[in-house]
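[1] my questions concern the predicted model and sequence given below.
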Amino acid sequence: MRKRLVAGNWKMHGNLIENKNLLNAILPSLDKLPGADFAVCVPYPYLSSVQVLLQGTKVLLGAQTVSQHDKGAYTGEISVNMLKDFGCIYVIVGHSERRMLFGENNQTVAEKYIAAQKGNLVPILCVGETLEQRERGITEEIIKEQLKVVTELAGVESLKNAVIAYEPVWAIGTGKTATPQQAQDVHVFIRKMITAQNTQIAHELTILYGGSVKAGNASELFAMADIDGGLIGGASLIAEEFIAICRAV
Ligand code: PGA
């Protein structure tokens, strides 16, 4: 059976006190929920303090991006081994904000994905189309290209140790959620694309949906056969919302 997962993506939010308050509010509830994994992907400076707060709980730690390089003269960058030092299990790669605001392309995203796996981190690989691409009817083409670069460079087998997050760019932080059917259609497309290479891996692959998931829409999204959980931005910063989303999975 494939793993279900809800991961919070805190983006550039929080501080020492807010993080502690948020985790104190969510951890007791999440610890009681069986049948799924939970994670928080936090800003780099808080990895250490959040690692301590998560100790003895079932919630796993993740980061929001990582360098594709092992080490060297890369001012401002953070390596996979550094993330491992703080107990990270997951790292988000290829989030649309990284692609659009920081110039990451399919090639750099694939390199980060490979680096993460080489260091035993599980990449949460984000793919998704813009509104303009959806309106032009090229959603599948875009997703196919985003995935193809990764499977060509890393091999389809690599998906055994990865999670995919379908995040339509037009739904991120906009309050506009894809309908459950719109999301399901793309999830099916992704699974079919992988099935063409390896049925077993496709069947076991966890595919998350992300983009304005809230307590109010999580259940209907997670009820779709190919939606295995969510990558949650804004709502992961509000304890009651995040707990409700985790319950829904
Ligand atoms: P959102 O963000 O839930 O705030 O739309 C999702 C994401 O960017 O991963």
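    Perfect, thanks for sending it. This is a predicted model, so every value here is computed, not measured.

[2] what segments of the chain are strands?
    Here the chain has its strands, by DSSP state E, at 5-9, 37-41, 59-63, 88-93, 122-127, 163-166, 206-210, 229-232.

[3] leaving out the residues flanking it, which one is nearest to K20?
    Excluding its sequence neighbours, the residue lying closest to K20 (Cβ to Cβ, 6 or more residues apart in numbering) is L53, at 6.4 Å. The C-beta positions use only the backbone N, C-alpha and C, and glycine is treated the same way.

[4] wait, isn't that neighbour in contact with N21?
    No: counting by Cβ atoms under 8 Å, no contact exists between L53 and N21, whose distance comes to 10.5 Å.

[5] which one of the two has more residues nearby?
    Neighbour count, other Cβ atoms under 10 Å: between L53 and N21, L53 has more, with 19 against 13.

[6] what's the weakest-modelled helix or strand in this protein?
    Within the chain, confidence by mean pLDDT, DSSP states H and E is lowest for helix 131-135 among all helices and strands, at a mean of 94.

[7] what residues does this structure have near the ligand?
    Within the chain, the positions near the ligand by Cβ under 6 Å from any ligand atom are 9, 167, 172-173, 210-213, 231-235.

[8] just the buried residues of those.
    Buried subset of those (neighbour count, 16 or more other Cβ atoms under 10 Å): N9, E167, I172, G210, G211, S212, V213, L231, I232, G233, G234, A235.

[9] so how many other residues sit close to the residue lying closest to the last one once chain neighbours are set aside?
    Pointing back at A235 there. Distances taken as Cβ to Cβ, 6+ apart put E241 closest to A235, at 4.1 Å, once the chain neighbours are dropped. Around E241 there are 19 other residues, counting by other Cβ under 10 Å.

[10] so E241 sits against A215, correct?
    Yes: assessed by Cβ under 8 Å, E241 is found in contact with A215 at 4.9 Å.

[11] spit out the residues that contact those two alike.
    A235 (Cβ atoms under 8 Å, 6 or more residues apart in numbering).

[12] quick one: pLDDT of the nearest residue to L153 once chain neighbours are set aside?
    Excluding its sequence neighbours, the residue lying closest to L153 (Cβ to Cβ, 6+ apart) is A110, at 4.6 Å. A110 carries a pLDDT value of 98.

[13] contacting residues for A110?
    Contacts of A110 (Cβ under 8 Å, 6+ apart): V149, V150, L153, A154.

[14] relative to the ligand, how far out is the spatially closest residue to the second one that is not a sequence neighbour?
    For V150, the nearest residue in space outside its immediate sequence neighbours is A110; the separation is 4.7 Å by Cβ to Cβ, 6+ apart. Summarising the geometry, the distance separating A110 from the ligand, computed by Cβ to the nearest ligand atom, to the nearest Å, is 19 Å.

[15] any idea of the pLDDT on the residue of the chain found nearest the ligand?
    Proximity of the chain to the ligand (Cβ to the nearest ligand atom) peaks at G233, 2.2 Å away. pLDDT recorded at G233 is 97.

[16] ok, now which ones touch it?
    When contacts are counted by Cβ under 8 Å, 6+ apart, G233 touches N9, K11, I172, G173, G210.

[17] residue farthest from the centroid of this protein?
    Largest separation from the mean C-alpha position in the chain: A73, at 28.1 Å (Cα atoms, centre = their mean).

[18] quick one: neighbours of the closest residue to P43 other than its chain neighbours, just the number.
    Of all residues not flanking P43 in the chain, M12 sits nearest, at 6.0 Å (Cβ to Cβ, 6+ apart). By other Cβ under 10 Å, 7 other residues sit near M12.
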